[in-house]
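# Kindly generate the corresponding structure for this input.
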Amino acid sequence: MTLLQLENISYGYIDGTKKRIILNELSYNFEKGKFYTILGPSGSGKTTLLSLIGALEKTQGGVIRFDGKKLEDIGYTNYRKNNQAIVFQQFNLITYMTPLENLLNVMNITSNELPKDKEKTALALLNRLGIVESKARRNVMTLSGGEQQRVAIARALSTNVGLILADEPTGNLDSATQREIVAILRSLATDYDTCVIVVTHSDEVANTSDIQLHLRDGKLIEQKGNIS
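I've put the predicted structure just below:
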């Protein structure tokens, strides 16, 4: 089932005296329950595309729809708060909080329906991703990089959104931890019927996805992932 529709998306910027086109009437439909990766050379527009999908920037042409509705009609703030979550390479956790507090912080501002006992729900989610309660209640900066990324993923899941975006989520992690994080992201699509879109430069990460998308000449070119 289609969750996210990109219709003739265009975006560019001025480079000196010329306008450089990054996205050129790009169209693609993303479905629930699938894990996508987007690859492309540096400067091809991968992060720009993710920013547009996440409503961190506005398109210069074309329409983005979530669950059939234009982002403008949903409202950019409402969309960012209730419909999607972004996992960054740098984690972007609130450093003076515990993992539990990081989750409760976003759970308390979403308009999505959540269980009444938010703390219990948050602890269970963290535990599912390998963060036991003793670690969930200590300062987040005492955790390893891999553990912090798990907290960031748990935070993205905690508000019950349908779309999870990740920008190079394994870029700062060792190879073993990278594989663990990718396995978690992949499981989110199947276990939570979530659409997961990951921008990456890693063929190893891409080969685990359901669908690889290569950004070339402003267009997305699809090929099936080599799932291992």
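# Next up, the contacts around the residue nearest the centre of the chain.
When the chain is reduced to its mean C-alpha position, the nearest residue by CA atoms, centre = their mean turns out to be L165, at 1.3 Å. The contact partners of L165, by CB atoms under 8 Å, 6 or more residues apart in numbering, come to L50, I53, G54, Q84, A85, I86, V87, I197, V198, V199. All C-beta spots, glycine's among them, are computed from the backbone N, C-alpha and C.
# for these, which one is nearest R155?
Set against R155, the nearest of the contacts of L165 by CB to CB is A85 (7.3 Å).
# and E119, how many neighbours?
Neighbourhood size, E119 [other CB atoms under 10 Å]: 14.
# was I right about it contacting M107?
No - E119 is beyond contact range of M107, at 9.1 Å (criterion: CB atoms under 8 Å).
# Helices of this structure, start to end?
Under the criterion DSSP state H, the chain contains helices at 46-53, 71-74, 76-82, 99-107, 118-128, 133-136, 145-158, 175-192, 203-206.
# Distance-wise, check the closest residue in space to G61 that isn't next to it in sequence relative to G45.
In this structure, G61 finds its nearest non-sequential neighbour in S10, 3.4 Å apart by CB to CB, 6 or more residues apart in numbering. To G45, S10 is 11 Å away according to CB to CB, to the nearest Å.
# just I38 next, same as before
When distances are taken as CB to CB, I38 and G45 turn out to be 10 Å apart.
# now swap in L100 and tell me
Taking CB to CB as the measure, L100 falls 37 Å from G45.
# what's near enough to touch T121?
Listed by CB under 8 Å, 6+ apart, the contact partners of T121 are M107, L114, P115, S158.
# Next, the third one: phi, psi?
Read that as P115. phi -60, psi 150 (degrees, to the nearest 10).
# Okay, now the unreliable bits of this structure?
Using pLDDT under 70 as the threshold, the predicted model of the chain has low-confidence ranges 224-228.
# hang on, the earlier thing: of the helices of the chain, which stretch is the most buried?
When neighbours are counted by mean count of other CB atoms under 10 Å, the highest per-stretch mean among the helices of the chain falls to helix 145-158, a mean of 23.
# V205 against V198, yeah?
Yes - if you go by CB under 8 Å, V205 and V198 touch, sitting 6.7 Å apart.
# between those two, what contacts are shared?
Shared contacts of V205 and V198, defined by CB under 8 Å, 6+ apart, comprise T37.
# can the helices of the chain go into JSON lines with extra columns for distance to L215?
Formatted as JSON lines, the entries for those read as follows, by distance: least, CB to CB, whole Å:
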{"stretch": "helix 46-53", "distance to L215": "6"}
{"stretch": "helix 71-74", "distance to L215": "20"}
{"stretch": "helix 76-82", "distance to L215": "22"}
{"stretch": "helix 99-107", "distance to L215": "29"}
{"stretch": "helix 118-128", "distance to L215": "32"}
{"stretch": "helix 133-136", "distance to L215": "37"}
{"stretch": "helix 145-158", "distance to L215": "23"}
{"stretch": "helix 175-192", "distance to L215": "19"}
{"stretch": "helix 203-206", "distance to L215": "12"}
